[in-house]
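S.K.: for reference, the sequence and a predicted model appear below.
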Amino acid sequence: MTSSQQHTPQRRTGSGFGALSTTSDVLAGIDLTGKLAVVTGGYSGIGLETTRALAGAGARVVVPSRRLDVAEAAVADLPGVEVEALDLSDLDSVGAFAGRFLAAGRGIDVLVNSAGVMACPETRVGPGWESQFATNHLGHFALVNRLWPALTADGGARVVAVSSRGHQLSAIRWDDPHFRIGYDKWQAYGQAKTANALFALHLDVLGRDVGVRAFSLHPGEINTALVRHVSDEERIAAGWVDADGNWSLDFKTPQQGAATQVWAATSPRLAGLGGVYCEDCDIAEPAAPPAPSGAADGELDHSVLTSGVSPHASDPAQAARLWTLSAGLTGVDAFAV
């Protein structure tokens with residue numbers, strides 16, 4: 001069996017970290033001086049905490065941003081951090097960013113795909129694509145493929161795709177990935193997060209022989225701007241807040257929420273591994289079968305989401321199929337013969 005046929009087992013490594021670990025905990029003793037990281041969404045929420053942590057460990061960090069003024073203000077006090085224009089929902093913008101980056105001749109050691117939207121009203125971008133699938137997955141798919149020469153320049157790069165436990169809400173809707181019929185904001189979010197996990201799984205298969213490894217992850221539940229499209233009623237029904245608006249004590253701080261993606265991007269324990277879905281700063285176990293949901297269409301039954309990764313988000317055959325679909329939609333494939 002060749003290395004391209006081997007898959008890292010989806011089981012815990014005993015990392016020594018857990019749900020309450022912070023970015024400082026997982027980076028203790030790690031020096032990133034001389035490394036370059038690209039963090040999409042690296043100016044808000046757990047993306048900003050990821051930027052702060054990587055820069056604090058010595059890395060130079062490029063933060064692609066759709067809102068340049070907001071991003072520049074957010075990272076103004078962080079040494080070694082640069083802001084560049086990028087709109088993941090616009091493939092021309094993705095291509096322009098990648099072109100500028102490659103022209104500078106810089107290599108990438110870490111690429112964290114942290115930007116994303118959740119449960120937004122039905123929105124169409126590009127050629128009529130559903131916006132969550134387009135932004136969370138297709139934009140990142142195109143970005144990684146466009147930046148492939150930089151990812152392979154020095155060898156040993158890691159690509160980290162920020163998925164979510166929400167992937168359990170939907171497999172890939174092969175017959176209607178863009179919800180031409182019957183848009184459901186939570187199923188659309190679930191499909192996009194499944195796509196993030198499958199993307200990392202197949203990218204790892206394609207890239208490991210040249211030293212590029214990929215990981216996906218659930219960061220945990222965190223109160224950030226990502227929840228802006230979720231109503232107060234939905235937050236209460238999901239158990240995120242109580243009737244008085246107090247957030248659940250089960251929610252992580254941004255520093256805890258960013259820890260798993262920082263761990264996946266830097267941990268020596270993951271050397272030689274890849275393609276797996278992580279949570280709480282370790283490789284996750286396979287998820288238990290979901291319980292029946294009592295939620296009405298368009299509502300989230302938070303109780304059906306469990307730890308671990310579902311079979312539909314860890315299936316190599318579906319990962320390869322999604323890669324083919326995504327390459328056809330975006331017109332970009334660094335591995336096309």
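M.R.: Now that the structure is in, tell me what you want to look at. The structure presented is a predicted model; accordingly, all values stated were derived computationally and were not measured.
S.K.: show me where the stretch 201-337 of the chain has its helices.
M.R.: For the stretch 201-337 of the chain, applying DSSP state H, counting those that start in this stretch gives helices covering 232-237, 254-257, 259-266, 316-330.
S.K.: low-confidence stretches in the stretch 1-150 of the chain?
M.R.: 1-5 (pLDDT under 70).
S.K.: on that earlier part again, go through the helices of the stretch 201-337 of the chain and name the closest to Thr50.
M.R.: helix 259-266 (5.7 Å; Cβ to Cβ). The C-beta positions use only the backbone N, C-alpha and C, and glycine is treated the same way.
S.K.: Val162 contacts His137, correct?
M.R.: No - taking contacts as Cβ atoms under 8 Å, Val162 lies outside contact range of His137: 11.2 Å.
S.K.: what sits up against the helix or strand harbouring Phe101?
M.R.: For Phe101, the host element (DSSP states H and E) is helix 91-103. With Cβ atoms under 8 Å, 6 or more residues apart in numbering as the test, helix 91-103 has contacts from 38, 62, 64, 84-88, 126, 138-139, 142-143, 146-147, 149-150, 330-332.
S.K.: in ChimeraX, select just the buried ones from the residues you listed.
M.R.: Only the buried entries of those go into this ChimeraX selection, using 16 or more other Cβ atoms under 10 Å:
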select :38,62,64,86,87,88,126,138,139,142,143,146,147,150,330,332
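S.K.: hey, where'd the helices end up in the stretch 1-150 of the chain?
M.R.: 23-27, 45-56, 68-74, 91-103, 131-132, 139-146, 148-151.
S.K.: out of those, nearest to Ile222?
M.R.: That would be helix 45-56 among those, by Cβ to Cβ, at 6.0 Å.
S.K.: how close does Thr306 sit to His167?
M.R.: According to Cβ to Cβ, to the nearest Å, Thr306 and His167 sit 11 Å apart.
S.K.: give the contact list for Pro79.
M.R.: Ala55.
S.K.: list the contacts of the nearest residue to Phe133 once chain neighbours are set aside.
M.R.: Spatially, and ignoring its direct neighbours in sequence, Phe133 is nearest to Ala192 (4.9 Å; Cβ to Cβ, 6 or more residues apart in numbering). Taking Cβ under 8 Å, 6+ apart as the contact definition, Ala192 lies against Gly116, Gln132, Phe133, Thr135, Asn136, His137.
S.K.: surely the fourth one meets Thr123?
M.R.: No - counting by Cβ under 8 Å, Thr123 is not a contact partner of Thr135; they are 9.1 Å apart.
S.K.: okay, the two: which has more neighbours?
M.R.: Thr135 (25 against 16; other Cβ atoms under 10 Å).
S.K.: kindly provide the distance from Thr324 to Phe335.
M.R.: Thr324 is 11 Å from Phe335, by Cβ to Cβ.
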